[in-house]
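>>> 3D model of this:
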Amino acid sequence: MDFRRIKIIFILTFAALNIYLLSVLLEKNATTLSFGSESTTLNIEEAMKADDINFPTLSTDQEKIPLLKTDKGITLESDQSKLVNQTTVFKDGVLFSTLSEPIPLEIDAVDSAIIDRTPITDFILQGDVLYGAEYTFLTYLPLRRQLVYAQVANNIPIGDSTGSITFNLDPDYEVISYEQTFAGTAQVQGNSRTVISQKRAVEALYLNNQIPSNSTVRMVQLTYYRTLSLSDMDIYSPMWYIEIEIENAPLEIRRVDALTGSIITTPTVTLPSAEAQVKAKTATSSALLMEEEDSSETENTQE
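A predicted model of the protein is given here:
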């Protein structure tokens with residue numbers, strides 16, 4: 001008998017058997033893990049529905065997004081003199097502007113929703129707002145009567161107010177003023193990184209008690225937020241910007257780090273404080289009064 005040939009046959013047979021058993025084990029483990037993940041997701045969705053939380057269809061896609069670096073070389077303060085038909089004051093990185101003539105908007109009389117934003121879009125794009133072409137509409141805050149536009153970087157809006165325009169509406173829903181911030185020119189840094197999905201971001205909020213009962217998840221938007229600020233540049237990282245609507249209450253905004261899934265409790269920059277807005281409005285009012293006095297003196301001189 002050829003014992004060498006028999007030995008080889010046994011070795012090959014045992015190797016094939018081991019490979020088969022290993023593949024079965026891996027398949028079993030993969031199936032178990034997948035089932036556990038889907039089961040957990042399903043339970044979270046059922047729990048949210050039980051708490052009367054409404055939410056849109058949430059994507060499970062995971063995109064790859066790079067970090068950004070922005071240059072602080074360009075500032076709104078140095079270019080505010082280019083703006084016409086408005087009075088501006090620059091304070092603490094924010095450009096406050098009061099319009100000479102309000103911009104009327106068409107409003108739905110029933111729910112006070114804005115029907116047409118074209119007048120604002122035209123105002124931004126025709127040069128009445130610095131670097132206006134770099135901003136896109138982000139959200140409308142009805143109880144505050146504010147329209148918020150976000151600066152776009154790498155085709156993604158900046159969602160932490162470091163690059164935004166907030167238009168203020170009066171009781172007649174006419175735009176009377178705005179506050180603007182500008183993050184600077186953005187450049188991609190390093191390789192793209194995988195971010196968590198929409199669904200995972202919302203689940204993270206719910207599991208951390210950040211979504212109250214009887215509410216509606218209105219928007220889940222992938223954005224950027226500033227994670228590091230230096231004297232000459234800033235670093236931005238992906239973030240999920242999530243709006244939660246509660247009846248008869250101001251819209252709540254939640255932010256989730258899109259790389260780690262952690263809750264961002266304090267945004268890098270908030271909307272100007274009431275005190276800052278009062279100071280800015282006082283300054284713009286004084287500037288407008290000076291313009292009127294100068295105009296009156298000029299008219300009297302001509303007469």
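>>> correct me, but residue 228 touches residue 162?
No: Residue 228 is beyond contact range of residue 162, at 11.8 Å (criterion: CB atoms under 8 Å). Any C-beta I mention is one placed from the backbone N, CA and C, and that applies to glycine too.
>>> Now for these two: what residues contact both?
Both residue 228 and residue 162 are in contact with residue 234, where contact means CB atoms under 8 Å, 6 or more residues apart in numbering.
>>> These two: who's more crowded?
residue 162 (23 against 12; other CB atoms under 10 Å).
>>> Please identify the buried residues of stretch 229-249?
234, 236-244 (16 or more other CB atoms under 10 Å).
>>> Using PDB, list the CA coordinates for it.
The C-alpha trace of stretch 229-249 is given here as PDB (Å, rounded to 0.1, in the frame of the first residue of the first chain):
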ATOM      1  CA  SER A 229     -10.100  76.800  17.400                       C
ATOM      2  CA  LEU A 230      -6.600  78.300  17.000                       C
ATOM      3  CA  SER A 231      -5.500  81.900  16.300                       C
ATOM      4  CA  ASP A 232      -5.200  81.400  12.500                       C
ATOM      5  CA  MET A 233      -7.400  78.400  11.700                       C
ATOM      6  CA  ASP A 234     -10.300  76.100  12.900                       C
ATOM      7  CA  ILE A 235     -10.900  72.400  12.600                       C
ATOM      8  CA  TYR A 236     -14.300  71.000  11.800                       C
ATOM      9  CA  SER A 237     -15.700  67.500  12.200                       C
ATOM     10  CA  PRO A 238     -18.900  65.800  11.000                       C
ATOM     11  CA  MET A 239     -22.000  66.200  13.200                       C
ATOM     12  CA  TRP A 240     -25.700  65.200  13.000                       C
ATOM     13  CA  TYR A 241     -27.900  68.300  13.400                       C
ATOM     14  CA  ILE A 242     -31.300  67.100  14.700                       C
ATOM     15  CA  GLU A 243     -34.500  69.200  15.300                       C
ATOM     16  CA  ILE A 244     -37.100  68.100  17.800                       C
ATOM     17  CA  GLU A 245     -40.600  69.700  17.700                       C
ATOM     18  CA  ILE A 246     -42.800  69.900  20.800                       C
ATOM     19  CA  GLU A 247     -46.300  71.400  20.600                       C
ATOM     20  CA  ASN A 248     -46.500  75.000  21.800                       C
ATOM     21  CA  ALA A 249     -42.800  75.000  22.700                       C
END
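>>> ok, now which ones touch the spatially most central residue of the chain?
Of all residues in the chain, the one closest to the mean position by CA atoms, centre = their mean is residue 159, 2.5 Å from it. Residue 159 makes contact with 138, 150, 221, 223-225, 239, 241, 255, according to CB under 8 Å, 6+ apart.
>>> Brilliant, that's me finished.
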